[in-house]
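Novice: Task: produce atomic coordinates for the following.
(chains A and B)
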Amino acid sequence: MTETTHSIKQPGTATGSWYKFATRHRASIAAAVILVFPLVMPFTALAVNILIYGLYALGFNLVFGYLGLLSFGHAALFGTGAYLCGIAIVHFGWPWYAAIAAGVAGGLLMALLIGVLAIRTRGIYFAMVTMALSQCVYYLFYQAVDLTGGENGLRGINVRTIDLFGLRIDFINPMTRYYVIAAFVIAAFFVMSRILASPFGAVIEAVRENEGRARASGYDVTLTRLLTFVLSGGFCGLAGALQALHLSIVPIEILHYETSGLVVMIALLGGMGTFFGPMIGAAVFLVLENVVSVWTVHWQLIVGAIFIACVLFFPAGIWGTLITRGRR
Amino acid sequence: MAGLSFDLIALQLFAGLALGAIYVLFAIGLSLIFGMLTVVNFAHGAFYMVGAYVGLYLISIGGNFWICLVAVPIAVGLFGIAVERVLIRPLYGRGIDYPLLLTFGLSYVMVECVRIAFGKTGYPFDTPEVLQGAVDIGVGYFPLYRLFVIGATAVVLLALWLFLEKTSFGLIIRAGARDPQIVRVLGVDVSKVWLIVFGIGTAIAGFAGLLAAPLQGVIPEMGGTILAEAFVVTVVGGMGSIGGAVLAGLLVGVVVSMTSLFAPEMAKVSIFALMAVVLIVRPQGFFGRAGLMS
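Specialist: Residues are numbered from 1 along each chain as shown, chains lettered A, B, ... in the order given. Take a look at the predicted model:
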């Protein structure tokens, strides 16, 4: 089962023992790296961003890498998670845990709505339809000024302390904030690993590899696609909710199609269809953004150029290339 | 519904057609490129934007609007040809998603380059003097420039139709869209045909950007919004179908313009609702081949 959950298509090749070990304990390894990360990373705010965008890319990768559908509308899932979490706190005074749950539910629900329509199309249309629908979500949130603050964004998501079974955790302190968010991200990694290792995870990849054969084997291809998209929405909704707590504001740009494009770039850069790829992609992308932004304001130019180079010369991404080399 | 006379609705209908004309031009290039190359050009909005900026530049160095109408499509088309040759050609045969991803990255580069050259803020774009003012079209006064947009679109469509249907090169293009393998076997250099089709598609996008410039001004981000809306047009009309793009483009324009009359806040959302309905009722679009979408 562990073999089939990786998408680098080299059936039958001998694999190194380190690779097998890494695959079996992938979620634990991710957890260990995440826990140690802020100790080697001097900028905690950046580290938190990497966590959140890594989680966002992890959810996106379930659809893009494992299911093989290119979605250009994931900003709608990420953004809905963020807005619902924020709205729950600002307008309804919900506690932080309920707000996060609201964010996850928002991501799931939005993914269901978009999925039901977009799954009717395939291949190239899927990218177009998801992008168009997420643009629609952008306008809807933009116009619901009473709830979302419209153009100004949703402000005032102030969570200063987190009460956990009588324990008060300071959410302002960057380090504790990192570990609170890390707890959710690590949990998400374990859930993702479980999904991919399950029989359902194998079906997801079967649908990607050969739709006809999967259908002939008795699997409901449409339902598999929809379920995977919805699950992906849950991960992205969680990432959005954490983003709302982290920023204490939800800017309307979170729903912009550039947020959808961003996650495509991160996933491709890290390595689509690999377990660690999205997190590595997020780390490299965001660190690069920080470094480049110091000496030029034209970050977008660099991003676009890197992306073009990736597509042309480097389509397996950083982690994808590494594990292909490592397996030889 | 007091105050909403028949004339007002008719005028709004015409305004919708003018808006739709821009959608038609944009979507036709997108559709042409997809139909031939099976490439979804995510940079189409950037080519559209570049068209408007080339026009802006030409006018600033002393050109006039009429020169632009000829020069802009040529310039943008040549640029498109270079892009196809250098960036997109290596990706053929590597999966349908890769050209899409590449053009998406390219759109970032193009937008940022324009920002570097012209600044981040937008510019107004003057309507050419001859086309200012309004004319009586029977139901009321209608801006002359919008009438011109509809006319120019009709001319482009006619020219494109004649080119595709009546010339031998058009015949090759149509055959290539159906079965590139056979066309290649018959001794036609298909990659050259693809090059030219990409050039034509982007040239029309640049032309559309120029036509849209006096209506909405010129900003580096102008291509992004219309791209999403053009996707709606292509989904509604049926991808790869020129006739579908024309009909759906005009329909989307009219729907936007009508909803902005009756429920302005829903104008942007309405076209996506239209797309949702089409996806449920007829997933392949008006003129799309059944099965292509699913």
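
Novice: Could you pull up the contacting residues of A:Val48?
Specialist: With contacts defined as CB atoms under 8 Å, 6 or more residues apart in numbering or on different chains, A:Val48 is in contact with A:Pro174, A:Arg177, A:Tyr178, A:Ile181, A:His246. C-beta: built from backbone N, CA, C; applies to glycine.

Novice: In a markdown table: those, plus secondary structure and pLDDT.
Specialist: Formatted as a markdown table, the contacts of A:Val48 follow (DSSP: H, G, I helix; E, B strand; the rest coil; pLDDT from 0 to 100):
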| residue | secondary structure | pLDDT |
| --- | --- | --- |
| A:Pro174 | helix | 81 |
| A:Arg177 | helix | 85 |
| A:Tyr178 | helix | 88 |
| A:Ile181 | helix | 90 |
| A:His246 | helix | 91 |
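
Novice: Same list (those) but as JSON lines, adding distance to A:Met131 and neighbour count.
Specialist: Output for these, formatted as JSON lines (distance: CB to CB, whole Å; neighbours: other CB atoms under 10 Å in any protein chain shown):
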{"residue": "A:Pro174", "distance to A:Met131": "35", "neighbour count": "14"}
{"residue": "A:Arg177", "distance to A:Met131": "33", "neighbour count": "21"}
{"residue": "A:Tyr178", "distance to A:Met131": "33", "neighbour count": "23"}
{"residue": "A:Ile181", "distance to A:Met131": "28", "neighbour count": "23"}
{"residue": "A:His246", "distance to A:Met131": "26", "neighbour count": "21"}
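
Novice: from those residues, which single one is nearest chain B?
Specialist: Taking CB to the nearest CB as the measure, chain B lies nearest A:His246 of those, at 25.3 Å.

Novice: is it true that that closest one touches A:Ile52?
Specialist: Yes: using CB atoms under 8 Å, A:His246 makes contact with A:Ile52 at a distance of 6.4 Å.

Novice: and for these two, which residues touch both?
Specialist: A:Ile181.

Novice: Can you say which helix or strand has the residue of the stretch 151-294 of chain B found nearest chain A in it?
Specialist: Taking CB to the nearest CB, chain A has its nearest neighbour within the stretch 151-294 of chain B at B:Phe272, 3.4 Å off. Assigned by DSSP states H and E, B:Phe272 belongs to helix B:267-281.

Novice: Quick check on the closest residue to chain B within the stretch 51-200 of chain A: phi, psi?
Specialist: Nearest residue of the stretch 51-200 of chain A to chain B, counting by CB to the nearest CB: A:Cys136, 3.4 Å away. Per-residue torsions, A:Cys136: phi -60, psi -40 (degrees, to the nearest 10).

Novice: Could you check the pLDDT of the closest residue to it other than its chain neighbours?
Specialist: Leaving aside its chain neighbours, A:Cys136 sits nearest to B:Phe272 (3.4 Å; criterion: CB to CB, 6 or more residues apart in numbering or on different chains). If you check B:Phe272, the pLDDT there is 86.

Novice: Surely B:Phe272 touches A:Leu133?
Specialist: Yes: under the criterion of CB under 8 Å, B:Phe272 makes contact with A:Leu133 at 6.4 Å.

Novice: Comparing the two, which residue is more hemmed in?
Specialist: A:Leu133 (27 against 24; other CB atoms under 10 Å in any protein chain shown).

Novice: circling back: buried residues, the helix holding B:Phe272. List them.
Specialist: Going by neighbour count (16 or more other CB atoms under 10 Å in any protein chain shown), the buried part of helix B:267-281 is B:Ala267, B:Lys268, B:Val269, B:Ser270, B:Ile271, B:Phe272, B:Leu274, B:Met275, B:Ala276, B:Val278, B:Leu279.

Novice: Over to stretch A:187-205?
Specialist: Going by neighbour count (16+ other CB under 10 Å), the buried part of stretch A:187-205 is A:188-189, A:191-193, A:195-197, A:201-205.

Novice: Count the residues that sit near the nearest residue to B:Glu84 once chain neighbours are set aside.
Specialist: Leaving aside its chain neighbours, B:Glu84 sits nearest to B:Phe198 (3.9 Å; criterion: CB to CB, 6+ apart). By other CB under 10 Å, the residues close to B:Phe198 number 26.

Novice: Please apply the same query to B:Asp126.
Specialist: Quick note: B:Asp126 (other CB under 10 Å) scores 11 neighbours.

Novice: Just to be sure, it is in a strand?
Specialist: No: assessed with DSSP: H, G, I helix; E, B strand; the rest coil, B:Asp126 is coil; it does not lie in a strand.

Novice: Thought B:Ala213 was touching it, still the case?
Specialist: No: look at B:Asp126 against B:Ala213 with CB under 8 Å: they stay out of range, at 9.3 Å.

Novice: if we can go back for a sec, among the contacts of A:Val48, which one sits closest to A:Glu253?
Specialist: Checking those against A:Glu253 with CB to CB, the nearest one is A:His246 at 15.2 Å.

Novice: what sits against A:Val185?
Specialist: Applying CB under 8 Å, 6+ apart, the residues contacting A:Val185 are A:Ile34, A:Leu51, A:Ile52, A:Gly54, A:Leu55, A:Leu242.

Novice: pretty sure B:Met49 is in contact with B:Met222, am I right?
Specialist: Yes: the pair B:Met49 / B:Met222 is scored as a contact, 5.0 Å apart, by CB under 8 Å.

Novice: Between the two, which contacts overlap?
Specialist: Common neighbours of B:Met49 and B:Met222, using CB under 8 Å, 6+ apart, are B:Gly209.

Novice: what's the nearest residue to B:Arg94 if we skip its chain neighbours?
Specialist: Take B:Arg94 and drop its neighbours on the chain: the residue closest to it by CB to CB, 6+ apart is A:Pro315, 7.6 Å away.

Novice: quick one: that neighbour is in a strand?
Specialist: No: looking at A:Pro315 with three-state DSSP, it is coil, so not inside a strand.

Novice: Contact partners for it?
Specialist: Contact analysis of A:Pro315 by CB under 8 Å, 6+ apart lists A:Leu268, B:Arg94, B:Tyr98.

Novice: Good, we can wrap up now.
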